[in-house]
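Colleague: Next comes the sequence, and after it the predicted model I'd like to discuss.
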Amino acid sequence: MAMMEDTLHEPNAPAQKPAPQGDRVGKMAAGLVLLALVGVAYWPSFRGGFVWDDLVLVKNNPLATGEFTLKTVWLGSDFSLSTVVMWWEWLVFQENATGYRVTNALLHGVGVLLLWRVLVRLVGPGAWWGAAVFAVHPVAVASVAWISELKNTLSLPFFLLSLLGFMHFEAARAAQRTAAARWAYGGAFGSFILALLAKTSTVVLPILLLGLVMRQRRPTRKDGLALAPFFAAALFFGAMTMWFQAHQAIRGLTVQTGGGAERLADAGTAIWFYLGKALWPVNLCAIYPSWNDSLPGGLRFLPLILLGVGGALVWRYRHRWGRPVAFGSAAFIVMLLPVCGLVDMYFMVFSRVSDHFAYLALLVVAAAVGAGIGQLRQPHIRNGVAGGIIAGLVLLSQERARVYATDEALWRDTVQKNPKAGSAHNNLACNLAERGRLPEAMEHFKISLELNPNNAAAQRNLGKGLAMTGRFSEAEKHFIRALEIKPDDTETLIAYGQALAANQRLGEAIYQIRKACERKPTGAIRSYLAALLTATGQQEAAAREYELVLQTEPKSIEALNNLAWILAANPKKEQRNGKEAVRLAQEACQLTAQQEPLMLSTLAAAYAEAGDFSNAVVTAQSAIKLASAGGNEPLARKNEMLLREYQAGRSVGLGRQGKP
């Protein structure tokens with residue numbers, strides 16, 4: 001597909017002289033223009049928020065939750081390098097979505113600059129234009145403007161660095177520069193490993209490297225030895241990702257129902273689909289409609305047959321059309337092999353195809369367009385055609401970036417283009433519900449369930465909406481149905497438990513929250529369970545839950561304060577511990593800079609239980625002052641009552657603070 005030069009290097013050419021200063025300045029200016037194009041295309045998304053599962057992915061990062069450490073994450077999770085980088089982003093940006101979005105765009109910009117360098121060697125005169133096309137192509141928006149797809153933008157620079165490194169290795173080996181060849185090979189292989197750690201769809205690189213070798217000569221034993229580690233790494237990481245998808249991401253969900261023949265047919269359709277969107281990027285959608293209904297019976301195999309015919313023609317006329325056409329056509333297909341449906345991936349629960357799957361394959365199309373522009377000999381014609389293409393792509397990308405700027409914009413765009421996307425209706429409804437627009441949200445929840453009654457998330461969310469409007473008897477049916485569909489869903493267990501607690505069915509609420517805690521023992525879930533246990537008088541069980549929270553989150557203010565209160569005010573004397581209560585309450589007060597009246601109130605009770613009534617009186621007085629200043633009169637009055645007890649030399653001995 002791409003119009004590429006026939007040689008990767010010129011071993012017999014004389015050494016090139018250093019580029020003149022003017023050339024270097026020109027290249028720097030050209031590079032800055034590429035980065036500027038990225039900024040212009042994605043500017044509408046920079047001030048956007050989190051969309052789809054962005055915030056969940058960021059906040060529930062396994063490094064942030066303590067599930068993994070920097071030592072255990074590398075082979076313990078999929079896309080481990082992306083997980084680490086997103087954790088670093090969380091440490092810096094927290095819930096400021098702009099930081100994540102700009103980071104994605106910068107990584108995309110680095111990939112664009114590296115692509116330019118690759119295309120200089122492969123395409124020649126149209127290299128810069130090819131890089132510019134990739135920089136602003138609308139199909140790339142789903143990777144760059146979607147925070148969750150850091151995997152794509154992070155893996156691309158390493159992918160291209162590995163490709164460049166292998167080219168340098170080939171050139172150095174041909175020129176018999178052994179040391180340079182070793183360094184280039186090491187850099188190429190190391191970059192490939194980093195690309196795989198960022199996203200394993202980059203497993204296709206060894207096939208491309210083999211293709212680059214075959215463009216010049218018949219592969220030799222030396223070539224096989226050089227490529228063997230790349231293929232071995234690709235096989236290892238590919239197998240690991242398939243295992244993670246099957247046992248973690250998918251976990252029993254039905255992604256595809258067809259057999260091998262149907263998967264091949266759908267893969268052929270997907271390849272034509274991606275080519276069409278790359279060449280004519282309009283009507284892009286986050287969740288595309290299914291094409292199975294539009295290609296019934298034997299016609300389902302027609303795209304695959306046409307793909308085979310096209311491949312045969314390219315091979316038959318490879319000498320007339322040139323090896324670059326054959327290589328480019330094959331490269332486009334190879335880039336799509338991991339994502340065209342031959343193997344199961346979680347996203348296929350929503351759609352067989354997605355723009356973010358085509359990020360790597362888009363490189364080939366951009367190279368082909370750049371090569372075509374480079375063939376135009378008249379500068380004014382070349383610049384006019386190229387400028388028109390780039391301007392059109394920028395406008396389309398800006399429009400798409402606005403869609404990816406907010407959750408509501410993304411899902412309204414999706415349901416407009418694909419009204420049968422049940423998950424899109426569910427996600428739009430969730431966004432509306434979060435902003436208090438419950439009536440409209442309920443309508444979309446109902447539409448989602450009409451389209452797919454077995455959507456556990458939609459069942460759960462409709463239940464939550466009904467519960468919020470006081471219709472618990474109706475809500476409970478949807479919670480129960482959601483758990484029938486997906487018994488281990490933590491979010492449903494929590495939502496059902498909260499609704500039960502709100503309706504004073506605390507025993508049943510504890511049962512649901514305990515099940516959620518068994519499946520996902522986070523500090524937040526344990527703390528809520530402990531609060532429910534406290535509300536039902538199970539102080540000792542609540543204390544155990546808070547102790548477990550503090551084992552993984554030693555600076556949890558809620559756990560420190562509430563455990564201190566239980567130890568200071570437990571009705572059972574044998575379960576009180578004033579000394580430990582003081583220690584915990586003091587730490588909670590230090591973490592809140594002695595400015596939270598609730599924590600000071602707990603510390604006063606702890607002092608009293610420890611027999612230090614003078615400190616209890618002073619601390620209770622501080623709590624009263626802060627509570628009154630903050631308008632919390634109930635807490636102020638409660639501490640006034642407790643103050644009289646402390647002044648009389650009596651500890652609390654019973655009671656609790658707060659509600660679940």
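Modeller: Perfect, thanks for sending it. Numbers count the residues shown, from 1 in each chain.
Colleague: can we go C-alpha only for contacts and neighbour counts from here?
Modeller: OK.
Colleague: What strand or helix carries E580?
Modeller: helix 578-591 (DSSP states H and E).
Colleague: can you pull the contacts of N152?
Modeller: Contact analysis of N152 by CA atoms under 8 Å, 6 or more residues apart in numbering lists S143, V144, A198, K199, H356, Y359.
Colleague: mind checking the SS state of T72?
Modeller: coil (DSSP: H, G, I helix; E, B strand; the rest coil).
Colleague: Let me see the backbone angles for it.
Modeller: Backbone dihedrals for T72, given as degrees, to the nearest 10, come out at phi -100, psi -10.
Colleague: Next, find the distance separating it from L81.
Modeller: Taking CA to CA, to the nearest Å as the measure, T72 falls 12 Å from L81.
Colleague: Which one's more surrounded, the two?
Modeller: When neighbours are counted by other CA atoms under 10 Å, L81 comes out ahead of the other of T72 and L81, with 21 against 12.
Colleague: what's near enough to touch that one?
Modeller: Counting by CA under 8 Å, 6+ apart, L81 has contacts W74, L194, L197, A198.
Colleague: hang on, isn't the second one packed against L156?
Modeller: No - between L194 and L156 there is no contact under CA atoms under 8 Å: 10.0 Å.
Colleague: got a list of what the spatially most central residue of the chain touches?
Modeller: Closest to where the C-alpha atoms of the chain average out (CA atoms, centre = their mean) is S148, at 2.5 Å. Going by CA under 8 Å, 6+ apart, S148 touches D53, D54, L57.
Colleague: number of nearby residues for the last one?
Modeller: Spelled out, that is L57. 15.
Colleague: How about the strand or helix carrying it, which residues are buried there?
Modeller: L57 belongs to helix 54-59 when elements are defined using DSSP H and E. Buried residues in helix 54-59, counted by 16 or more other CA atoms under 10 Å: D54, L55, V58, K59.
Colleague: Give the next helix or strand downstream of it.
Modeller: With DSSP H and E, the next secondary element past helix 54-59 is helix 80-93.
Colleague: Just checking, which helix or strand succeeds that following helix along the chain?
Modeller: helix 97-122.
Colleague: where does G190 fall, phi/psi-wise?
Modeller: Here G190 shows phi and psi, under degrees, to the nearest 10, equal to phi -60, psi -40.
Colleague: thought G328 was touching A366?
Modeller: No - in this structure G328 lies outside contact range of A366 using CA under 8 Å: 10.8 Å.
Colleague: Pick out whichever of those two has more residues nearby.
Modeller: Taking other CA under 10 Å, G328 and A366 do not tie; A366 has more neighbours (25 against 21).
Colleague: Would you mind splitting this structure into its domains for me?
Modeller: 40-403, 558-660 (automatic domain parsing).
Colleague: For the stretch 1-150 of the chain, give me the ranges with low pLDDT.
Modeller: 1-22 (pLDDT under 70).
Colleague: could you redo the last one with a cut-off of 50?
Modeller: Applying pLDDT under 50 to the stretch 1-150 of the chain flags residues 1-16.
Colleague: Check the chain too.
Modeller: Those would be 1-16, 654-660, if you go by pLDDT under 50 across the chain.
Colleague: Mind doing that once more with 80?
Modeller: Within the chain, the stretches falling below the threshold (pLDDT under 80) are 1-22, 65-67, 75-78, 246-260, 291-299, 315, 317-326, 653-660.
Colleague: which residues in it form strands?
Modeller: Assigned by DSSP state E, the chain shows no strands.
Colleague: Just the buried positions in stretch 41-52, please.
Modeller: A41, Y42, W43, P44, S45, F46, G48, G49, F50, V51, W52.
Colleague: out of those residues, which one sits closest to N418?
Modeller: Ranked by distance to N418 (CA to CA), the buried residues of stretch 41-52 are led by W52 at 16.4 Å.
Colleague: Pretty sure the closest one sits against D407.
Modeller: Yes - between W52 and D407 there is a contact at 6.4 Å, judged by CA under 8 Å.
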